[in-house]
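*Asks:* show me the folded form of this:
(chains A, B and C)
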Amino acid sequence: MLWARDLAHAFGAVQVLDGITFSLDRGQTLVIFGPNGAGKTTLLRVIAGLIRPRRGSAEVKGGRRAIGWIGHQSQLYGQLTVIENLRFWASLYDVPAGTVQERATALIARLGLERQTQQPVRTLSRGQAQRASIARALIHDPAVLLLDEPFTGLDRLAAEELRTLLGELAADGRASVLVTHSVEEGTELATEIAFMRSGRFAAHGPRAGRDAAALAADYRRIMAGA
Amino acid sequence: MPDLLRHAWLVARKDLQVEFRSRTALTLALVFTALVLVVFEYGRDPTAVPTLDLAPSILWVTFSFAAVLALNRAFHAELENDALEGLLLSPISRSSLFWGKLGANLVFVALVQLTGLALFVLFFDVPVWRVWWPLILVMVLASVGFIAVGTLFSAMVVRTRFAELMLPVLLLPFLLPPLIAAVTVTAKLLGGRPLSEVLGWLRLLAAYDLTFVTLATLLFPATVTE
Amino acid sequence: MTQGSVGRWITAVALVLLAGIYVRALAFTPTELLQGPAQKIFYLHVPSAWSAMLSMGLVGVASILFLFLKDERYDRFASASAEVGTVFSLVMLTTGPLWAKPIWGTWWTWDARLTLTLMLFFLFIGYQLLRSAVSEPGLRARYAAVVGICGLVLLPFIHLSVYLFRTLHPRPIVLKPSAPSLPPVMLVTLLLSFGVFTLLYVGFVTQRYAIGSEPR
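*Replies:* Numbering: from 1, shown residues only, chains lettered A, B, ... in the order given. This is a model prediction of the structure:
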């Protein structure tokens, strides 16, 4: 459903990606762990088509239409209400009007935003805004999800809810790439794991039933090595 | 092509919706327009210089300043929650995005200019109704090209330091040809000269508009893609 | 020879030739009848305008090449050309009034060429300001290229609009024709001066480019 082949990119003289290759099928979730500056966000942006890499290529089946992006910024318009935002973003993806209403209602209900539907986004709390942002990412029913440190700034409860939701979405057949610097938060969701450092995958393979503690140990071991 | 226009319309409509909710830029531009006109009114000596001679300059200085104020707002709302990223991730083409922004800017500037014109007629009692449609025509022709360049530049400037200062400095040279043409044509129109005398200038304006709308459309992707 | 030293040699030669032009202009070229000795600034003023426009033209061309070929050397060239262009426009803008005052009795006039150079100067300033306001090199290069290309396309429009404006207005002072019929001696001095200023352009840009290419 999505693949990357020998991706390399640099900003000026700084090599940010240095030969990334992987592929992902339906229902699979690749969780990429790595420190800041490892190139995780850049990798996501190359996959999303926002950056043209210096070398190699990446493709998502279905193109931009099939991608839903969740990051730390909500990508919503503060002046518009939740439902207005959803309608606008859906229209850019050519979602038919009837479908939008159904889906929006369902998403708002699933994310617990019923009372905020008609409120301008700038009046929402951070948690509510994050949930509205997830609704925005899902309104066009993307087959692929790209998540850039989505747990940042979320409290335990909100993070747990997000994990449950992401699990459901994967069960539905969506492929996801999630980048995070926190081993605890990403482990459960992963079917595949990668450790990223200096633009390369220091390790890459199936999760193979490892729990957070085991992964953290592996992470420390591998990242400490040369 | 139909997609291009449809998506552009969606973006423009959203822009206008967002702007009309907050109304800050619009209010600023309108107040500024009124202020400038009042200053001109009190600053001149009616016995020394007839209004008709000053009228074109006053009108067009007002219009230019208001246009630059209006342009500043174009990409501001997009940065707040990084909605620009969302626009770039969506399947709409870069040109649709640009044309949507351009369209919204044109509507915005038109509103400010029409109000300015009305206030101008009110304060200065200059006979405008005889030549109202050529005057509207020159207002449109003189604004389009300049606003296109302004929209292009505001996409860049919004992510730099000193954004509000940078935009007028960059735009100044681009203001000159349309301004010269507009002032000359307005002077001739208000002075009762035949239309044949202004046709050359109008053609120059049309050429300027065509050139810069095309150029700006072609260059816009370079400002948002990496 | 390194790039920088080539540049320095070219500049040195050009400066020597420039001195030669001065000598020729002052001693060997006849003084213009109506305008007097002040007219000799003409040999500096007009070629600097040419160099300024050459600078802008090449900024534009280099910008187009950069956007298509993505080679950052074009961006460095554009940057060097813009800096040199700023200097030449400044020379033009200062020699203009120095020439105008004794002859026309006024420091400034809004004729086509002076206005064009003033706008050129603003374009260069804007270009440099934009470059200095963006810290990330890739972004800076792309933004600068966009402005460079727009600036290049703008030039004919400025010239046209100011020219049209001036010809339709009667002027209270004597208008110098744009393509003067110069006596051969003066024409030769002028052409030599054009050549020297072009050489100066090449010398300055080569040096500046070399500095820009040095590893930080």
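
*Asks:* which helices and strands does the helix ranked longest in chain B pack with?
*Replies:* For chain B, the helix reaching the highest residue count under DSSP state H is reported as helix B:94-124. Under the contact criterion of 3 or more C-beta pairs under 8 Å, 6 or more residues apart in numbering or on different chains; DSSP states H and E, the helices and strands touching helix B:94-124 comprise helix B:2-22, helix B:24-43, helix B:51-72, helix B:83-89, helix B:132-157, helix B:199-224. All C-beta atoms are positioned from the backbone trio N, CA, C, and that covers glycine.

*Asks:* the most centrally placed residue in chain C: what secondary structure?
*Replies:* The structure's chain C has its C-alpha centroid closest to C:A52; by C-alpha atoms, centre = their mean the separation is 1.4 Å. When states are read from DSSP: H, G, I helix; E, B strand; the rest coil, the local structure at C:A52 comes out as helix.

*Asks:* what residues does chain B have near chain C?
*Replies:* Residues of chain B lying close to chain C by C-beta under 8 Å from any C-beta of the partner chain are B:149, B:152-153, B:156-157, B:159-162, B:166, B:169-170, B:172-174, B:176-177, B:180-181, B:184, B:200-201, B:204, B:207-208, B:211-212, B:215-216, B:219, B:222-223, B:226.

*Asks:* mark which of these are buried, thanks.
*Replies:* Among the residues of chain B next to chain C, those classed as buried by 16 or more other C-beta atoms under 10 Å in any protein chain shown are B:149, B:152-153, B:156-157, B:159-160, B:166, B:169-170, B:172-174, B:176-177, B:180-181, B:184, B:201, B:204, B:208, B:211-212, B:215-216, B:219, B:222-223, B:226.

*Asks:* now do the strands in chain A.
*Replies:* Under the criterion DSSP state E, chain A carries strands at the ranges A:2-11, A:14-24, A:29-33, A:55-60, A:67-70, A:144-148, A:175-180, A:192-197, A:200-206.

*Asks:* residues touching the residue nearest the centre of chain B, list them.
*Replies:* Geometric centre of chain B, nearest residue: B:A67, 4.1 Å, by C-alpha atoms, centre = their mean. B:A67 makes contact with B:109, B:112-113, B:143, B:146-147, B:150, according to C-beta atoms under 8 Å, 6 or more residues apart in numbering or on different chains.

*Asks:* A:M196 now?
*Replies:* Shown in contact with A:M196 (C-beta under 8 Å, 6+ apart): A:32-34, A:38-40, A:43, A:179, A:202.

*Asks:* got the contact list for stretch A:26-35?
*Replies:* In this structure, residues lying in contact with stretch A:26-35 by C-beta under 8 Å, 6+ apart are A:1, A:22, A:24, A:40, A:43, A:143, A:166, A:170-171, A:173-183, A:186-187, A:189-197, A:215, A:219, A:223.

*Asks:* buried among the residues you listed? Make that a PyMOL selection.
*Replies:* Here is the PyMOL command that picks out the buried ones among those, judged by 16+ other C-beta under 10 Å:
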select buried, chain A and resi 1+22+24+40+43+143+166+170+174+175+176+177+178+179+180+181+183+186+187+189+190+191+192+193+194+195+196+197+215+219+223
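
*Asks:* and C:L67, what does it touch?
*Replies:* B:222, C:142, C:145-146, C:149 are the contacts of C:L67 under C-beta under 8 Å, 6+ apart.

*Asks:* same check on C:G7?
*Replies:* C:G7 makes contact with C:203-210, according to C-beta under 8 Å, 6+ apart.

*Asks:* of those, closest to A:P150?
*Replies:* C:Y209 (46.0 Å; C-beta to C-beta).

*Asks:* interface residues of chain A facing chain B?
*Replies:* A:45, A:48-52, A:63-65, A:67, A:69, A:71, A:73-80, A:84, A:88-89, A:91-94, A:120-121, A:129, A:136.

*Asks:* among the residues you listed, name the buried ones.
*Replies:* Those of the residues of chain A next to chain B that meet the buried threshold are A:45, A:48-51, A:64-65, A:67, A:69, A:71, A:73-80, A:84, A:88-89, A:91-93, A:120-121, A:129, A:136, by 16+ other C-beta under 10 Å.

*Asks:* please flag which of those residues sit within helices.
*Replies:* Counted as lying in helices by DSSP H, out of these, are A:45, A:48, A:84, A:88-89, A:91-92, A:129, A:136.

*Asks:* now, which of these sits nearest chain B?
*Replies:* Nearest to chain B out of these is A:L92 (C-beta to the nearest C-beta; 4.3 Å).

*Asks:* what's the pLDDT at the closest one?
*Replies:* At A:L92 the predicted local distance difference test score is 95.

*Asks:* dump the residue contacts of it.
*Replies:* Residues in contact with A:L92 (C-beta under 8 Å, 6+ apart) are B:7, B:10, B:87, B:90-92.

*Asks:* let's see 7 Å
*Replies:* With contacts defined as C-beta atoms under 7 Å, 6 or more residues apart in numbering or on different chains, the neighbours of A:L92 are B:7, B:10, B:90, B:92.

*Asks:* likewise for A:T180?
*Replies:* Going by C-beta under 7 Å, 6+ apart, the list of residues near A:T180 reads A:31, A:33, A:149, A:151, A:186.

*Asks:* could you give the average pLDDT over the longest helix seen in chain C?
*Replies:* When secondary structure is assigned using DSSP H, the longest helix within chain C turns out to be helix C:72-104. pLDDT averaged over helix C:72-104 equals 83, rounded to a whole number.

*Asks:* check what pLDDT the most far-flung residue of chain B relative to its centre gets.
*Replies:* Within chain B, the residue lying farthest from the chain centre (C-alpha atoms, centre = their mean) is B:T47, at 32.8 Å. Turning to B:T47, the model gives it a pLDDT of 72.

*Asks:* isn't there a helix covering it?
*Replies:* No - secondary structure of B:T47, determined by three-state DSSP: coil, with no helix assignment.

*Asks:* any idea how far it is from chain A?
*Replies:* Noted for B:T47: a distance of 49 Å to chain A, by C-beta to the nearest C-beta, to the nearest Å.

*Asks:* in chain A, spot the helix with the most residues.
*Replies:* Of all the elements of type helix in chain A, the one with the most residues (DSSP H) is helix A:156-171.

*Asks:* now that helix and strand A:144-148, what's the angle there?
*Replies:* Orientation of helix A:156-171 against strand A:144-148 (axes from the mean of the first three to the mean of the last three C-alpha atoms, to 10 degrees) gives an angle of 150 degrees.

*Asks:* next one: helix A:156-171 to chain centre, how far?
*Replies:* For helix A:156-171, the gap between its own C-alpha mean and the chain's C-alpha mean amounts to 12 Å (C-alpha atoms, centre = their mean, to the nearest Å).

*Asks:* cool, stretch B:95-113 as well?
*Replies:* Taking C-alpha atoms, centre = their mean, one finds stretch B:95-113 lying 8 Å from the centre of the chain it belongs to.

*Asks:* who touches it?
*Replies:* Taking contacts as C-beta under 7 Å, 6+ apart, the residues outside stretch B:95-113 that touch it are B:4, B:7-8, B:10-12, B:15-16, B:19, B:29-30, B:33, B:63, B:66-67, B:70-71, B:74, B:87, B:139, B:143-144, B:147-148, B:151, B:217, B:220.
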